[in-house]
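Student: how does the following fold in three dimensions:
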Amino acid sequence: MEGILITSILSSVGLGISSFFGFFLIKNNKLENRLLAWLLIALSLRITKSIFYTHIDLPLFIKNLGLAANLAVGPLLFLYVSMLLGKKKLHRLDALHFIPVAFYFTFSPVLPNGGGSDFWMISYSLILMQSFIYAGLSAVCLAKSRRNSGSKDLTWATALTTGLSVMWLVYALIFLKFLPLYALGSVSFSILIFILLFVALNHYKLFKGSTSRYLNSRISDKQGQAHFSNLQKLLFSEHLYKEPDLSLATLANRMDLLERDVSLIINKYGNCNFSQFVNELRIEEAKKLIKEDPKKKIISIAFDSGFSNLGTFNHVFKGITGVTPSAFRKNLD
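Tutor: The predicted structure is shown next:
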């Protein structure tokens, strides 16, 4: 009895923290933070089901709503990491990630759940597989963006991806009966939340809105607009964005400003971070090169527009335009 009480308390504390920060971030003016908010809310719904599952006989549709929430976590993680590390905006095709969520939500009152039915065994296996696939995609996104993102972004995104992967691994081991207690899933979630809370506190600036970050700058609004205009002229006149090793420090040095001030100027007037700002210019250059010479090799276009490798170029190009470079060239015909 004491063991059940302890696991319930641990699970509930993690659930409370996750729910609080989910609803706290939902009104944030940065899209990536709103994606994180929905991720935390979906996680909370999933764990709520797990907590009650071991104590009471839940209605069928509640059990399946928990699985629908779990199906949403993977895509939200992938989109959040993509936005955090370079993806400019969401596209209509991104909604396709949530088709399984819509399916489980719509048919939650009738889909078998538990009891050893073949459908449930297969579907739950696929749900776990989906979670690991999105964790893998997020990890690939992190690897490809390592050269083009700040270390703080990478540390937080890596911690989140790793933590969720470990939690899903615990649920997989429970499903395979390598772990004896179903409650270990919700306990692992709480441990994950405590760890992520610690990491988040060390990277709290990531969760602030873009405007509020600018309020602490010593640069006036008029000066900021002038600096942003000069920054654009510098990038275009000398084609600095084509340099693969262009960094915030290099740009700040050329403008005789602090890195912090250049970052805040880009955030306010470019409505994005340094990596996204430069990648946007590079992709515009790549689109122009493709239009000028449709037969030019994609890898050559990648290098000529400022990317150091083809993998990063393809990832960023699709993140900004919604299509791959090859598909973009085909659409020109």
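Student: residue nearest the centroid of the chain?
Tutor: By C-alpha atoms, centre = their mean, the chain has its centre lying nearest to Tyr80, at 1.7 Å.
Student: just give the nearest non-adjacent residue to that residue, would you?
Tutor: Leaving out its chain neighbours, the residue that sits closest to Tyr80 by C-beta to C-beta, 6 or more residues apart in numbering is Leu35, at 4.2 Å. Glycine gets a C-beta too; all of them are placed from N, C-alpha and C.
Student: what's the neighbour count on that neighbour?
Tutor: Counted with other C-beta atoms under 10 Å, the neighbours of Leu35 add up to 23.
Student: wait, the residue nearest to the centre of the chain touches Glu32, no?
Tutor: Yes - between Tyr80 and Glu32 there is a contact at 5.9 Å, judged by C-beta atoms under 8 Å.
Student: buried ones in the helix or strand harbouring Gly319, by neighbour count?
Tutor: Assigned by DSSP states H and E, Gly319 belongs to helix 310-321. Going by neighbour count (16 or more other C-beta atoms under 10 Å), the buried part of helix 310-321 is Leu310, Thr312, Phe313, Asn314, His315, Val316, Phe317, Lys318, Gly319, Ile320, Thr321.
Student: repeat that for stretch 285-293.
Tutor: Neighbour counts over stretch 285-293 (16+ other C-beta under 10 Å) mark Glu285, Ala286, Lys287, Leu289, Ile290 as buried.
Student: in helices only, show me those.
Tutor: The helices, defined by DSSP state H, take in Glu285, Ala286, Lys287, Leu289, Ile290 from the buried residues of stretch 285-293.
Student: distance of the second one relative to Ile266?
Tutor: Taken as C-beta to C-beta, to the nearest Å, the spacing of Ala286 relative to Ile266 amounts to 20 Å.
Student: again with the first one
Tutor: Taking C-beta to C-beta as the measure, Glu285 falls 18 Å from Ile266.
Student: what's the answer for the fourth one, then?
Tutor: Distance check for Leu289 against Ile266: by C-beta to C-beta, it reads 24 Å.
Student: what does Tyr124 give?
Tutor: Counting by C-beta to C-beta, the gap from Tyr124 to Ile266 is 45 Å.
Student: more crowded one of the two?
Tutor: Using other C-beta under 10 Å as the criterion, Tyr124 and Ile266 rank with Ile266 on top: 23 against 17.
Student: buried stuff in the strand or helix carrying the more buried one?
Tutor: Secondary structure assigned from DSSP H and E places Ile266 in helix 259-269. Residues of helix 259-269 classed as buried under the neighbour-count rule (16+ other C-beta under 10 Å) are Asp261, Val262, Ser263, Leu264, Ile265, Ile266, Asn267, Lys268, Tyr269.
Student: elements contacting it?
Tutor: helix 210-214, helix 221-237, helix 248-255, helix 274-292 (3 or more C-beta pairs under 8 Å, 6 or more residues apart in numbering; DSSP states H and E).
Student: got a list of contacts for the third one?
Tutor: The set of residues external to helix 248-255 that reach it, using C-beta atoms under 8 Å, 6 or more residues apart in numbering, is 150, 227, 230-231, 234-235, 240, 258-259, 261-263, 274.
Student: ok, so of the residues you listed, who is nearest Tyr171?
Tutor: Gly150 (32.0 Å; C-beta to C-beta).
Student: and Lys87, what does it touch?
Tutor: Here Lys87 is in contact with Leu79, Gln276, Val316, Gly319, Ile320 (C-beta under 8 Å, 6+ apart).
Student: from those residues, which is closest to Phe198?
Tutor: Leu79 (24.3 Å).
Student: pLDDT weak spots in the stretch 51-200 of the chain?
Tutor: 53-55, 86, 88, 145-153, 183 (pLDDT under 70).
Student: quick one, helices of it?
Tutor: All helices of the stretch 51-200 of the chain, identified by DSSP state H, counting those that start in this stretch, fall at 60-84, 99-106, 118-145, 151-175, 183-201.
Student: ignoring the adjacent residues along the chain, who's closest to Val323?
Tutor: In this structure, Val323 finds its nearest non-sequential neighbour in Asn331, 7.1 Å apart by C-beta to C-beta, 6+ apart.
Student: before we move on, the earlier item: quick one: the helix holding Ile266 to helix 248-255, angle?
Tutor: 90 degrees (axes from the mean of the first three to the mean of the last three C-alpha atoms, to 10 degrees).
Student: thank you kindly, that will do.
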